[in-house]
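Enquirer: Take this sequence and fold it.
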Amino acid sequence: MRMLVFGKNGQVARALKERAGDDVTALGRDEADLMKPGAARAAIAAHTPELVVNAAAYTAVDKAESDEAAAERLNASAPEEMAVAAAETGVPFIHVSTDYVFDGTAEDRLDENAPVNPLNIYGRTKCDGERAVLNANPGAVILRTSWVFSEHGGNFVKTMLRLGAERDDLTIVADQKGGPTAAADIAASILAIAGKKHRGAPGAGLYHYQGAPTVSWAEFAEKIFEIARLSVKVSHIKTTDYPTPAKRPLNTLLDCAKIERDFGVSQPDWRVELRRVVAALKEEGQA
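Expert: The predicted structure follows:
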């Protein structure tokens with residue numbers, strides 16, 4: 001299946017390329033500048049893919065607070081263009097979204113019908129993107145995920161490994177709970193969904209996909225240090241003790257039953273991929 005993936009240098013796009021090889025054409029800014037209206041539509045027309053995946057996004061959560069126009073363009077307007085073009089050509093479209101569309105006040109796991117209420121510009125623009133995509137293309141699949149990590153790009157795992165090599169103790173937020181999700185697992189889920197959609201599976205709309213078990217950022221850091229065999233003391237602090245320009249949701253535990261029911265995609269154990277990622281980074285001298 002010929003896949004066109006937007007977001008060439010991102011973690012998910014790179015994982016898709018590693019898994020699907022020559023079936024994936026991944027486009028970065030040089031090939032399709034999504035800040036320019038019409039670029040996404042032109043790319044889809046030029047490549048005539050059998051599947052379109054949007055793994056591109058404005059993900060600098062704090063920076064988005066002072067760069068709203070760019071976040072809105074990349075997170076909402078460009079995905080809408082992709083959705084329209086995919087619908088017009090009858091090609092399945094998968095769009096990657098985020099747990100930050102929620103405000104984090106729920107006590108239970110959040111299913112796809114839970115009300116959205118983003119706390120920051122990043123979350124609001126991603127929420128705008130979800131609505132725009134589904135309005136333009138009701139057959140699209142939107143994959144909400146969280147806390148993405150891999151051996152590529154910038155992410156929490158790589159930051160912790162760098163800081164853990166430099167310091168003996170760190171203070172990490174412990175009242176934000178969620179699910180780390182490996183980019184490799186997200187790529188696998190996208191390929192599974194794509195295969196079933198290609199064979200005519202009816203599933204569409206919002207889907208939740210995140211790793212298990214649930215942890216806080218502090219607990220995630222402790223597991224990273226354990227696997228990397230780094231002796232680092234982690235002091236647990238509250239979100240209020242670590243102010244940032246953008247507010248973060250406290251509880252983004254996603255109910256992943258729907259994606260398993262419709263596409264047979266099970267919730268992954270993030271610890272499995274974490275071991276592989278840490279080992280890969282050690283081989284490269286980054287851990």
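Enquirer: Every contact and neighbour count from this point should use C-alpha atoms.
Expert: OK.
Enquirer: where along the stretch 151-287 of the chain do the strands fall?
Expert: 169-173, 177-178, 181-182, 205-208, 215-216, 233-237 (DSSP state E, counting those that start in this stretch).
Enquirer: ranking these by burial, who's on top?
Expert: strand 181-182 (a mean of 27; mean count of other Cα atoms under 10 Å).
Enquirer: Can you give the distance from that one to the centre of its chain?
Expert: Put simply, strand 181-182 sits 8 Å off its chain's centre (Cα atoms, centre = their mean, to the nearest Å).
Enquirer: Now do the same for the residue nearest to Gly129 when sequence neighbours are not counted: helix, strand or coil?
Expert: Nearest non-adjacent residue to Gly129, counting by Cα to Cα, 6 or more residues apart in numbering: Ala76, 3.6 Å away. The three-state label for Ala76, taken from DSSP: H, G, I helix; E, B strand; the rest coil, comes out as helix.
Enquirer: who touches the most far-flung residue of the chain relative to its centre in this structure?
Expert: In the chain, Asp168 marks the outermost C-alpha relative to the chain mean, sitting 30.3 Å out by Cα atoms, centre = their mean. Neighbour list for Asp168: 231-233 [criterion: Cα atoms under 8 Å, 6 or more residues apart in numbering].
Enquirer: now do 6 Å
Expert: By Cα atoms under 6 Å, 6 or more residues apart in numbering, the residues touching Asp168 are Val232.
Enquirer: which stretches of the stretch 1-150 of the chain form helices?
Expert: 11-20, 39-47, 68-72, 78-89, 121-136 (DSSP state H, counting those that start in this stretch).
Enquirer: Can you list the buried residues in the longest one?
Expert: Along helix 121-136, these residues count as buried under the neighbour rule (16 or more other Cα atoms under 10 Å): 121-130, 132-134, 136.
Enquirer: Sketch out the low-pLDDT regions of the stretch 1-150 of the chain for me.
Expert: Applying pLDDT under 70 to the stretch 1-150 of the chain flags no residue at all.
Enquirer: from memory Lys8 sits against Thr25, does it?
Expert: No - if you go by Cα atoms under 6 Å, Lys8 and Thr25 don't touch, sitting 8.6 Å apart.
Enquirer: and these two? which has more neighbours close in?
Expert: Lys8 (24 against 19; other Cα atoms under 10 Å).
Enquirer: can you tell me which of the helices of the stretch 1-150 of the chain comes nearest to Val272?
Expert: helix 11-20 (15.7 Å; Cα to Cα).
Enquirer: Using CSV, list the CA coordinates for that closest one.
Expert: Taking Å, rounded to 0.1, in the frame of the first residue of the first chain, the C-alpha atoms of helix 11-20 are listed here in CSV:
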residue,chain,number,x,y,z
GLN,A,11,8.9,10.4,15.8
VAL,A,12,5.9,8.7,14.3
ALA,A,13,6.8,9.3,10.7
ARG,A,14,10.3,7.9,11.2
ALA,A,15,8.8,4.9,12.9
LEU,A,16,6.4,4.3,10.0
LYS,A,17,9.3,4.6,7.6
GLU,A,18,11.3,2.0,9.6
ARG,A,19,8.4,-0.4,9.6
ALA,A,20,7.0,0.0,6.1
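Enquirer: Counting by contacts, list what that helix packs against.
Expert: helix 183-198 (3 or more Cα pairs under 6 Å, 6 or more residues apart in numbering; DSSP states H and E).
Enquirer: can you pull the contacts of the residue nearest to Gly129?
Expert: So, once contact is read as Cα under 6 Å, 6+ apart, Ala76 ends up touching 125, 128-129.
Enquirer: do you know how far it is from Met1?
Expert: According to Cα to Cα, to the nearest Å, Ala76 and Met1 sit 26 Å apart.
Enquirer: Could you do Cys256 as well?
Expert: Taking Cα to Cα, one finds Cys256 at 26 Å from Met1.
Enquirer: Neighbour count: these two, which is higher?
Expert: Cys256 (22 against 14).
Enquirer: Can you tell me the closest non-neighbouring residue to the more buried one?
Expert: His208 (5.1 Å).
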